[in-house]
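this one's sequence-less:
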């Protein structure tokens, strides 16, 4: 941490700042410039830098060490590769996850999964507990939905991912799913993150609608700090002033995350754009930008879907897209 | 709901849309304009409008009835006034809540509360469970913190509010606090909202960092739909590109909410700005814009606070501010 | 400027950075911490800090001196008070500007100005050249509009302000107006700013829809650097994800600007909210937050206005508001 | 335009609205629903819908025809292909533009252009007039810079594009450049747009930092309405809360624009990200999402560039990238 004093600060003020940080367990290194005296505070403690900014004579406090540890490439330089029943996310592997937004009936999931399996998809997604803005909207089938997902996935030899919304749902999820998904609205539900740090299954952590990349990484840090090292990050669009698309997919978050962190990052183009005809171009863009996976909504009959049909592909559209994506992956020297 | 067909849509396409909405429980009223045929869909069901937009020939679908019911002035035209141990929020009453960001020790809370009580504050705030971005930062004293809050509040005849983070903490909170607070990061933690709909104490619901006013009201709708009619809304700043202040306090949300909803809205200038010297001007602005209450951080010794000291007032600053605010309230024909 | 080296950077890399900054006219002061070596670069040259970030071994570059000079309180500690025909903006004076969005006819401006003068307003606003999003919308009366404004203002002994859109309109504006207004869309039209730096009349500079406070101040710096020291800043709402109001009025920008700069800051609640019934609460909030002035749209017949009638007050509403504002000003120890 | 009346509006109010719109040249079509009466207003006039929202009994006014005409695919269904000295933008053609941020010296431009020409680039970019946030930063070489650009471009048989900042610079630009560029800060400089509508050379129009796609298209409409049909749109990043990248490249704007408009859209990944190592992934993402062109900063010696060196590629990096992009283009069934 660097503490920049105001120009011409008195020696007394400088000493008061030095005492303050020493009391809190930091060492102080003073450097006198032409205008500004700069005090380097060296130590491992966590301190709110604004507390120092309050001290007399302090102009600015600058954090120079990054707040994340376990998620950082400094901690682990090589890519983390997460293997889910043989499907790999990370490094030169691109994982594909697909399935309906919500689990509605066994037949619906079965019909969709059959086509996806034929197309080569090996991880099935589907919502059983749905975070809906309105209390009057369809809230999901609950545990019954998870059972359907698992039964169908087993039939086609697929893995399963679904969104967990609360700490006390975790044991139930562990019975049915292979990847526990944390939704954008729960990215900073710290109790949930801590509890997921203690399980032994991968977590797919979605970026919050207004979360910075740094905050996404800090939420992953919560999970890793608990002992669970298998976190898949997910970019799913951020909230901006542009309203033709539901959110703005931040494609540049892919290389940004990959530079800072060793964790894999996948993209959800369906929720990001909210528009079926934008899913294909944004999937291609994500692979071209280096994404380690995709999670795409596919519904056997989007026109009758109970939720988000407007952003779901039909299985035929998905198959065409998946083939295109494999060609892109090849240029990227990666493979699905 | 109005369904606008593309110019020159065939009669066949129009009939297909009509069948689609009738199957979903809506009546259809067709109106032929010069260019566009418009179909009015009348009904009470919830439907994702994008599902209709997918149909052939549909240009646009426009929702005309508002999504909220119980929170709306249509449902209840007169202001809701919430009484917490004699302190009123709503109508011509402005409620004042103050206290430290985090509960640290009994002595700290006692020293602060004593001064606040002398200044006339009758609702004490304080965090016992803290949602912190970093897993390595101070996470609060937990139940011990709630106990301290209640003990001190009883001593000075004050009510208590504190942030609840999870469904299974609710019974514990009911023992100690008078208003259960939902933090910005949990505004769309729908399980928590549903559970708070079943209790009999007021809930203070903070707006999420990137939540629209409509979403804030929909989250309040979750609580009210469960049977709890005592919801206090709270504006606490939204995330924008401006970074000198921590967030941008959306002062206009006050009259916006008050036009749509009968619920009281209070303002948290401390978290919104993150800067001690901006708390006073933004508190005054909030009262002048019609706020029904304020929630302000006050710490007996901000320089040694474990959390957010940089945005806390000392008790003397608070007293001066509270007097100014009373003068503003008088012009507004309101009272604290 | 502080250059933070990566942990364990070699002496060779450190020397290369030092050479680099010395070649560009800076002095270097080296400070060795436990982990990081920090190089202080002292000098007055302008340099893109990212150029240094590119150098081998550099972790981060931190600017510590502020980019603005003439607008800063460091340059001029006391408030700048700008006097326009006896109406003062700045210090303890609050200036009131009111008038129609667009000049439509002599009679319209005359009817509005008569009522405003009776209410005590002494600066008349009105658009003659209108920046409209659509090329097919009403573009203003041009010079004819300026003539009407001046004629009416002279009749009621008022000053005039109107928006200038282009460098070559400046001589024309100097004939008719007392304050030249720069619109939000032109806040970074640097040619226009430079040209306005050479005139001898006050400039009212509106904040761009997505401009930071720092950028607003840098644009004011352009004008001041040219020799014109009379700049009135104007907060008029920023673009966010919230869409009930047209823009989000950043009320906290008032105390933020006043801390950094000596220039007066006024608020335009009409354009910020775009909603007539939000103008009064946001005007009050602005005065309560310390604004040095207001610019409010008033139209003698808002329902037939050619432009932005929806956000204009009628003269009677304005009179009531102005009286309320005077009461708020008194508490603020200021006067209109 | 659809005017939705409040539930149970009186016949008198309905008639008053009908009269209001008829007086303004619209036809009225009334449709009575269960709750709401809806009035369809049919006509070609431009009217501010908020003026109608002010009328008694009106709940909401909904625009159903789009505000743009000439830029729309309704007006011209097939892709516009713009040919600049044989380089095509639009349809299945991807145009590549590259060059230094600023023109510094003849030798610098010559060295860069030579390498670009060898790599197959045939349109050279370079700034001669620079819009800089600070009045103290390098402002460009002016006309001398344009001369250098043209001289070098002629030598290597390239076309030239450069940013024009003001109406009165246009005649000068017409002497030297083949595409006139409008910068993000001038996207709503309507005087400049009108003047560019009257020239006979292509215009490259950059999206403003906080402009919606609709506003970008409306600005293009200004140019087209003047008679100039050769407009190339450019996505260059929007302002969001994320700050690791300078702006957030809105990749989804590519398919969004292409659905609504026939105009080509190119991407500027250099200014959007502001980071050299993000230029390659975002260029690939843009081509994969369907972009009709790219504009990339390349500098023969980025470390000594006077402006934005931090985001410029060196010629070797560019060559490798260009080859990769050609492979992506092939999968997209397009060609450079």
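Structure's in. What do you need? Keep in mind it's a predicted model, so treat the numbers as computed, not measured.

hey, where'd the helices end up in chain A?
Here chain A has its helices, by DSSP state H, at A:11-23, A:49-53, A:106-119, A:143-155, A:170-176, A:190-196, A:213-225, A:253-260, A:269-273, A:276-288, A:315-331.

which of those has the lowest mean pLDDT?
Across the helices of chain A, helix A:49-53 has the smallest mean pLDDT, namely a mean of 77.

in the stretch 1-150 of chain A, where is pLDDT below threshold?
The model of the stretch 1-150 of chain A has pLDDT under 70 over residues A:33-35, A:44-46, A:64-66.

ok, the residue in the stretch 101-250 of chain A that chain B sits nearest to - how many residues close by?
Residue nearest to chain B within the stretch 101-250 of chain A: residue A:210 (3.0 Å; C-beta to the nearest C-beta). C-betas here are computed from N, CA, C, even on glycine. Look at residue A:210: counted by other C-beta atoms under 10 Å in any protein chain shown, it has 24 neighbours.

what does it show for phi and psi?
phi -130, psi 30 (degrees, to the nearest 10).

tell me who's in contact with the closest residue to it other than its chain neighbours.
Setting aside the residues directly before and after it, residue A:210 is nearest to residue B:210 in space (C-beta to C-beta, 6 or more residues apart in numbering or on different chains), at 3.0 Å. Residues in contact with residue B:210, defined by C-beta atoms under 8 Å, 6 or more residues apart in numbering or on different chains, are A:208, A:209, A:210, A:239, B:238, B:239, C:241.

how many neighbours does the closest residue to residue A:325 other than its chain neighbours have?
Closest residue in space to residue A:325, ignoring its immediate chain neighbours: residue A:287 at 5.4 Å, by C-beta to C-beta, 6+ apart. The local packing of residue A:287 (other C-beta under 10 Å) involves 27 other residues.

so how far is residue A:267 from residue A:287?
9 Å (C-beta to C-beta, to the nearest Å).

shared neighbours of these two, which are they?
Common neighbours of residue A:287 and residue A:267 (C-beta under 8 Å, 6+ apart) are residue A:294.

relative to residue C:2, how far out is the residue of chain A at minimum distance from chain C?
Minimum separation of chain A from chain C (C-beta to the nearest C-beta) falls at residue A:31, amounting to 3.9 Å. Distance, residue A:31 to residue C:2, by C-beta to C-beta: 9 Å.

ok, back up a step: surely the residue of chain A closest to chain C and residue A:40 touch.
Yes. Look at residue A:31 against residue A:40 with C-beta atoms under 8 Å: they come within range, at 6.9 Å.

give me the common contacts of these two.
By C-beta under 8 Å, 6+ apart, the residues touching both residue A:31 and residue A:40 are C:31, C:38.

between those two, which one's more packed in?
The residue with more neighbours, out of residue A:31 and residue A:40, is residue A:40; 26 against 19, by other C-beta under 10 Å.

which ones are touching the more buried one?
With contact taken as C-beta under 8 Å, 6+ apart, residue A:40 is in contact with A:1, A:2, A:3, A:28, A:29, A:30, A:31, C:31, C:33, C:36, C:38.

try 7 Å this time
A:2, A:29, A:31, C:31, C:33, C:38 (C-beta atoms under 7 Å, 6 or more residues apart in numbering or on different chains).

how near is the nearest residue to residue A:109 once chain neighbours are set aside to residue A:311?
Using C-beta to C-beta, 6+ apart and skipping the chain neighbours, the partner closest in space to residue A:109 is residue A:152 (4.7 Å). Look at residue A:152 and residue A:311: by C-beta to C-beta, they are 21 Å apart.

please apply the same query to residue A:196.
26 Å.

neighbour count winner among these two?
A direct count of neighbours by other C-beta under 10 Å for residue A:196 and residue A:311 places residue A:311 higher, at 27 against 24.

correct me if wrong: the more buried one contacts residue A:274.
Yes. Using C-beta atoms under 7 Å, residue A:311 is in contact with residue A:274, at 5.1 Å.

interface residues of chain A facing chain B?
Neighbours of chain B within chain A, by C-beta under 7 Å from any C-beta of the partner chain: A:46, A:48, A:50-51, A:53-54, A:67, A:131, A:133-137, A:165-168, A:185-186, A:188-191, A:209-210, A:215, A:218, A:221-222, A:225, A:239, A:302-303, A:307-310.

ok, the nearest residue to residue A:269 once chain neighbours are set aside - contacts?
Spatial nearest neighbour of residue A:269, excluding adjacent residues (C-beta to C-beta, 6+ apart): residue A:282 at 3.8 Å. Contacts for residue A:282 (C-beta under 7 Å, 6+ apart) come out as A:249, A:269, A:272, A:273, D:251, D:252, D:289.

which two from these end up farthest apart in space?
A:272 and D:289 (12.5 Å; C-beta to C-beta).

so between the two, which is more surrounded?
The neighbour count for residue A:272 versus residue D:289, taken as other C-beta under 10 Å, is higher for residue D:289 (29 against 26).

could you report the pLDDT at the residue of the stretch 101-250 of chain A closest to chain B?
Looking at residue A:210, its pLDDT reads 92.

next: residue A:300.
Confidence score, pLDDT, at residue A:300: 85.

contact residues of the stretch 201-336 of chain A facing chain D?
A:210, A:212-213, A:238, A:240-242, A:244-245, A:248-252, A:254-256, A:273, A:278, A:281-282, A:284-285, A:287-290, A:324, A:327-328, A:331.
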